[in-house]
Structures are given as C-alpha cells and as structure tokens.
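# pasting the sequence and the predicted coordinates here, then a few questions.
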Amino acid sequence: RAEAKLIDGKAIAADVREEVRVGVAQMKEKIGKVPGLAVVLVGERKDSQTYVNAKKKACAEAGIDSFGTDLPGDATEEEVLKVVADYNADPNVHGILVQLPMPDHIDEERVLGAISYEKDVDGFHPLNTGRLAQRGREPLFVPCTPRGCIELLERSGIEIAGKEAVVVGRSNVVGIPAAMLLQRRDATVTIVHSRTPNSEEIVRRADIVIAACGRMEMVKGSWLKPGAAVIDVGINAKDDPSKKLGYRLVGDADFESCKEVAGAITPVPGGVGPMTIAILLKNTMEGAMRAYGMM
Ligand code: NDP
C-alpha cells in the first residue's frame, strides 16, 4: 500500500498567514487601523523568550502591531495583573496573551481570568472555554494549537463529521479543546489519558488521531486503523549525534511506523507547530475585526 499523505503544516500555515496579511491590509485601507497583539512574558525562560520573539516577528510580517511587556521572574501577581489591566483598556490592543508557564508564585487561573475575554486570543479565559464546551454557544476565541489541528484537517480535505476521533491527552491547552472542537464538528470523540488502561485499543478505532500526550513517539503504527489521519501535536527533542545540535525534534507519534499505516500524517517539525502562530495571528485579526464592527 501507499505511504501516508504528508500534511504540510508549513505550507498551510503560510496560506493562513497570507490570508491574515491581506485581511490586515484591507482593514488598514478601509478604516486606517491595524490589529494589535500584546504579549506578556514573566521570567527569563529561554524557550518562552524564543516563542515570544517568534510571535512578534510573525506579527510584523502580517502587518499586526505588537506590544510587549517583559517582567522579571520575581514580579508580583499584582504587577502582572496591572499590565493585563492596562492592555485591557488600550483600544489599540485587540489580543492579549500571557506566555505560559508563569512562575509558580503567580496564580495562572487568576491572571488568565483577568484578560478581557474579548481580547483573549489564546482562548484560555473561562468564558471562552465554557462557551466552547456548551451546545449552541460560540466562544469568541478558541486556543491556537487545537484550532490549528482542525484547520490542518479541513484544509487537507479530511472529513470530520460522522468520523471516530481519538484525542491522546487531556490538557487545557491542547487535548480538551481539541476534543471539543472535533465534537462540535460532529465527530464521535474519545479522550484517552495517562490513566486509560487500553489507549492502544481505543486509538485503533479512530479515523482521526490527535496525539498530544507529551510522550516522545508513543503512538505507534501498530496502534492505527489503516488509513487513519494522524495529527501529531508533540514536540520532543530526541538525541541524534548526526545533527549539529545533537538532537532533532520528533512528535508524540512514531512517524516512521505511523506513515506505513496512516492515510495522512503531519510531520514534526513542519506540521502542527507552524499552525499555532498562524492561528494566533488569525485570532488577533478576528479580535480587531469584532472590535471595529467588521465581523
Ligand atoms: P501536557 O503534559 O500538559 O499533557 C499531556 C497529556 O497527555 C495529559 O493529559 C496526560 O494525561 C496525557 N498522557 C500522558 N501520558 C500518557 C499515556 N501514556 N497515554 C495516554 N495519555 C497520556 O502536554 P500538552 O497538552 O501541553 O502538550 C502535548 C504535546 O504537545 C507536548 O509534546 C508538547 O510539547 C506539544 N505542544 C505543541 C504545541 C505546538 O504548537 N505544536 C503547543 C503545545 C504543546 P494526564 O492528564 O492523566 O496526566
């Protein structure tokens, strides 16, 4: 049989970013305004700094204004809340994101809940999460990574309605919202997690597998129903002496064995990863369009 079709996240993300760039240019032409994104970083984590810089650069390329506040790792919760409140009040800011994880002494739930839900581009505000979970309700924003997974499926022509989907992982950031989004698109959804005794058996039922367990190469080809679509959210560094850095990035699915059985699969890198930032830009543009009554 033929190998799985590669779902090219880089190309699809480039399409989304181009759509956003065009949308931003039209907004500027019509009303003389552009969307603005504020990124709040607390502490000096190298990985977080890298993500924040990538987000700002992507904003610039799309024509979105970016604002940033970097607070030291020992900033108080009140200081973080003050920064959030200022951005809530700033009419040039349409999206606010607080880079996670925050230092332990800061109450993440309190900070995320303080972001205006109309500017909650990460979709972690309880009102957006709650609406995502309810029938007949529409969240203003949906978390970027899971929305990216759905866009990858839809733009690859993979049917969701009526299909069996299994989400491996139940984090607030990926697993749970991914399951909600699939369910809202009429898939029959099962979530498996670290206490599921027979994940492998359950995954084998799936037409669509979302691998988001944070366990390197855990989902094997032997777990898949032939022809299944595999969306691999995982990002793990695997030792590889043949690489300059001494490692390479691999997913939560074992690409080599999965591609022999799957019908379609996202590579790592170049699959879900590039979509996360593309959707962040899209969410920000949509926030601005709502703020200016354009959607
Ligand atoms: P978390 O560690 O927060 O969650 C992992 C989930 O997987 C948990 O719900 C856990 O279960 C479950 N899990 C762990 N072990 C198993 C197992 N043996 N079988 C079944 N389920 C298991 O991770 P995230 O959701 O934040 O991230 C998931 C992956 O996606 C990571 O590899 C991360 O690096 C990557 N990621 C990629 C992004 C991107 O932009 N591409 C963005 C965000 C994350 P339990 O709840 O029981 O502990």
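Arrived safely, thanks for sending. Residues are numbered from 1 along each chain as shown.
# can you pull out the helices in the stretch 51-200 of the chain?
77-89, 108-114, 126-133, 144-155, 175-184, 199-203 (DSSP state H, counting those that start in this stretch).
# contact residues of the stretch 101-250 of the chain facing the ligand?
145, 168-171, 173-175, 192-196, 199, 212-215, 233-236 (Cβ under 6 Å from any ligand atom). (Glycine included, C-beta is placed from N, CA and C.)
# hmm, 8 Å instead?
Residues of the stretch 101-250 of the chain lying close to the ligand (Cβ under 8 Å from any ligand atom) are 144-145, 148, 168-175, 192-196, 199, 211-216, 218, 233-236.
# what subset of the residues you listed is buried?
For these, a burial check counting by 16 or more other Cβ atoms under 10 Å picks out 144-145, 148, 168-171, 173-175, 192, 199, 211-214, 218, 233-236.
# in strands, which of those appear?
Of those, the ones assigned to strands by DSSP state E are Val168, Val192, Ala211, Asn236.
# quick check, pLDDT for the residue nearest the centre of the chain.
Nearest to the mean C-alpha position of the chain, by Cα atoms, centre = their mean, lies Thr145 at 1.2 Å. The score at Thr145 is 98. That number is its pLDDT.
# same check on the one 4 residues further on?
Turning to Cys149, the model gives it a pLDDT of 98.
# would you confirm that it contacts Gly271?
No - judged on Cβ atoms under 8 Å, Cys149 makes no contact with Gly271 at a distance of 9.3 Å.
# need the residues touching each of the two.
Ile231 (Cβ atoms under 8 Å, 6 or more residues apart in numbering).
# tell me where the protein has strands.
With DSSP E as the criterion, the chain has strands at 5-6, 36-42, 65-71, 95-98, 164-168, 188-192, 208-211, 229-232, 236-239, 247-250, 264-265.
# same question for the first one, mean pLDDT?
Spelled out, it's strand 5-6. Averaged across strand 5-6, the pLDDT comes to 98.
# neighbours around the closest residue to Pro146 other than its chain neighbours, how many?
Closest residue to Pro146 apart from its sequence neighbours, by Cβ to Cβ, 6 or more residues apart in numbering: Ala178 at 3.8 Å. A count of nearby residues for Ala178, using other Cβ atoms under 10 Å, gives 31.
# perfect, I'm done here.
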